[in-house]
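*Asks:* coords please:
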Amino acid sequence: MKPRWIIELEDSVRHTRRAAELGWPAASHRLAASQPMTSELLAPDGEEAFNREMRLRSGPLREQWDARGRGLMRQLCRLTGHPPTQLENTRPGDAAVRLVAPVIGGHGELTAAGDGVLLEAVLANPHAELPEVLRLGWLLARLLLAPPAASSPADAGVHALALMMAVLAAGEAVELAACDLPTARLALDAWRRGAGAETWPSPEAAASHAPVLLSWWEEAGESATDWPQRVGLLAGKLR
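*Replies:* Down below sits the predicted model:
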């Protein structure tokens, strides 16, 4: 599948302001809440300079997705019982990736409209053990393999956790990461702000949730049981 990569200045301006409002830690003084992006980027050549920088910053991620993304998503479909064609036949417009400035040094979430994903364009992986291409795979999986529209926020949260484990296992299959306890704990922390669900464990609870998630995956992750039932089993374990 080939995402449609989108770089628009206004996305980064909104993202920077939102990060400041929520008190997220800034990645550098240049993007700190006291110095929002607007002044330098709205100068006469600001948008042009911004676009150049963002194309440069997003290069490594786009190259890694081109090299590993298809294999990652094929493995994900295999592990979750979805036909590979479900993702391979996805039109680029259905998988829009809006790249934004790295305000907090690594972040991604579904767009508010639910029509794509928002991803910070970091030059290097913030965590070597958890490449950003896995974060992108997790976000696209949540977008394209979403639970039924009638699902509650709690159901969506459990589904996001289940997909996190499936993405780690798919990443292990294509030699991008390990599907083990330390990596599960790291993903719980690194992807927390983009989870968008109340059921995502707090930083304090992540240490106790990770073994439950790994145990669930080892018991049911690759079983013949269909995916909704496996997610239901996880929900039971997390109660």
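*Asks:* what packs against the longest helix belonging to the chain?
*Replies:* Counting residues, the longest helix in the chain under DSSP state H turns out to be helix 153-173. Judged by 3 or more CB pairs under 8 Å, 6 or more residues apart in numbering; DSSP states H and E, the packing partners of helix 153-173 are helix 70-80, helix 132-144, helix 181-190, helix 203-216, helix 227-238. For every residue, glycine as well, the C-beta is placed using N, CA and C.
*Asks:* which one of those lies closest to Val13?
*Replies:* Val13 lies closest, by CB to CB, to one member of the helices and strands packed on helix 153-173: helix 132-144, at 21.0 Å.
*Asks:* average pLDDT for that closest one?
*Replies:* Mean per-residue pLDDT for helix 132-144: 95.
*Asks:* sorry, back to before: mean neighbour count, the helices and strands packed on helix 153-173: which tops it?
*Replies:* helix 132-144 (a mean of 25; mean count of other CB atoms under 10 Å).
*Asks:* which helices and strands does that helix pack with?
*Replies:* By 3+ CB pairs under 8 Å, 6+ apart, helix 132-144 packs against helix 46-64, helix 70-80, helix 85-88, strand 108-110, strand 116-120, helix 153-173.
*Asks:* how about 6 Å then?
*Replies:* Helix 132-144 sits against helix 153-173, with contacts defined as 3 or more CB pairs under 6 Å, 6 or more residues apart in numbering; DSSP states H and E.
*Asks:* in the helix it packs on, what's buried?
*Replies:* Neighbour-count burial for helix 153-173, counted by 16 or more other CB atoms under 10 Å, picks out 155-171, 173.
*Asks:* can you list contacts of it?
*Replies:* 72, 75-76, 79-80, 134, 137-138, 141-142, 147, 177-179, 183, 187, 195, 197-200, 213, 217, 231, 234-235 (CB atoms under 6 Å, 6 or more residues apart in numbering).
*Asks:* just the CA coordinates for the longest helix of the chain, please, in PDB.
*Replies:* Extracted in PDB, the C-alpha atoms of helix 153-173 (Å, rounded to 0.1, in the frame of the first residue of the first chain):
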ATOM      1  CA  PRO A 153     -14.300   4.300  23.100                       C
ATOM      2  CA  ALA A 154     -13.300   1.500  25.400                       C
ATOM      3  CA  ASP A 155     -13.600  -1.100  22.600                       C
ATOM      4  CA  ALA A 156     -11.600   1.200  20.300                       C
ATOM      5  CA  GLY A 157      -8.900   1.500  23.000                       C
ATOM      6  CA  VAL A 158      -8.600  -2.300  23.400                       C
ATOM      7  CA  HIS A 159      -8.500  -2.700  19.700                       C
ATOM      8  CA  ALA A 160      -5.600  -0.100  19.500                       C
ATOM      9  CA  LEU A 161      -3.700  -2.100  22.200                       C
ATOM     10  CA  ALA A 162      -4.300  -5.400  20.300                       C
ATOM     11  CA  LEU A 163      -3.100  -3.800  17.100                       C
ATOM     12  CA  MET A 164       0.000  -2.500  18.900                       C
ATOM     13  CA  MET A 165       1.000  -6.100  19.700                       C
ATOM     14  CA  ALA A 166       0.200  -7.300  16.200                       C
ATOM     15  CA  VAL A 167       2.400  -4.500  14.700                       C
ATOM     16  CA  LEU A 168       5.200  -5.500  17.000                       C
ATOM     17  CA  ALA A 169       4.900  -9.100  15.900                       C
ATOM     18  CA  ALA A 170       4.700  -8.000  12.300                       C
ATOM     19  CA  GLY A 171       7.800  -5.900  12.900                       C
ATOM     20  CA  GLU A 172       9.600  -8.800  14.300                       C
ATOM     21  CA  ALA A 173       8.700 -10.900  11.200                       C
END
